[in-house]
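Undergrad: below are the sequence and a predicted model for it; my questions follow.
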Amino acid sequence: MKLRYADEAVKEIKQIDPSSAVTARMIRSLIKKQVIPSIPVGNGCRKLIDLDVLMDYLSDLTKYVINMPRSPYRRNKVPFPPWFTKIETGMERKYIRIGETMIKSEAWNTLPSSTTKLLLCMMYVANGKQHFQFPCHLAVQCGFSRSSFWRYRDELIAYGFIEVVANNKLQRRNNVYGFCSKWKEFSDKN
């Protein structure tokens, strides 16, 4: 048993094969993925590995392959159908999500279509975050005039889809908006 740190293991491998592509970073990655066993030293930051086990792994990679459980946050990407995208593969880099209950809500169904378009543009710019900035020039890029942007923005606030988190008009900075759930209590009688 030859116990070595990752840097020392690389030096020994380089003595055997000077053109080896094995690096200390690669060895640390194997340790982190628990492909090769290690022994924590001190407070656990540094780890010792058996050089013989490492050499055995490098000679036959299939011997140490273990089935690591997949992260619940990493899923296979599903392409969009061709009628929803211009990209041939259907793999969009960025997209928005809208829940069925929002689409069927009274607030959504009474929202004017141009205001709905502004809400979708805001959802796209927010990138899944609750708070976001949406300057007027972005609205112009989305096809709105400056005056219609302010009118539609006020409608979104009245319908309960967004709220102004920080009004930065006096500081000459962009306002900060936030999505809110007041649309759930919206009634047409308001």
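TA: Perfect, I can see it now.
Undergrad: show me where pLDDT drops low in the chain?
TA: Filtered on pLDDT under 70, the chain yields the residue ranges 61-75, 188-190.
Undergrad: let me see the domain layout of it.
TA: Following automatic domain parsing, one gets these domains for the chain: 3-64, 93-185.
Undergrad: and those as a markdown table, adding mean neighbour count?
TA: Where C-beta positions appear, they are placed from N, C-alpha and C, glycine not excepted. As requested, those are exported to a markdown table (neighbours: other Cβ atoms under 10 Å):
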| stretch | mean neighbour count |
| --- | --- |
| domain 3-64 | 14 |
| domain 93-185 | 15 |
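Undergrad: would JSON lines of these with distance to residue 81 be doable?
TA: Listed next are the domains of the chain as JSON lines, based on distance: least, Cβ to Cβ, whole Å:
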{"stretch": "domain 3-64", "distance to residue 81": "36"}
{"stretch": "domain 93-185", "distance to residue 81": "13"}
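Undergrad: which stretch among those comes nearest residue 83?
TA: The closest approach between residue 83 and any of those, judged by Cβ to Cβ, belongs to domain 93-185 at 14.4 Å.
Undergrad: can you give me the helices in the chain?
TA: 6-16, 24-32, 51-59, 100-103, 106-110, 113-126, 136-141, 146-159 (DSSP state H).
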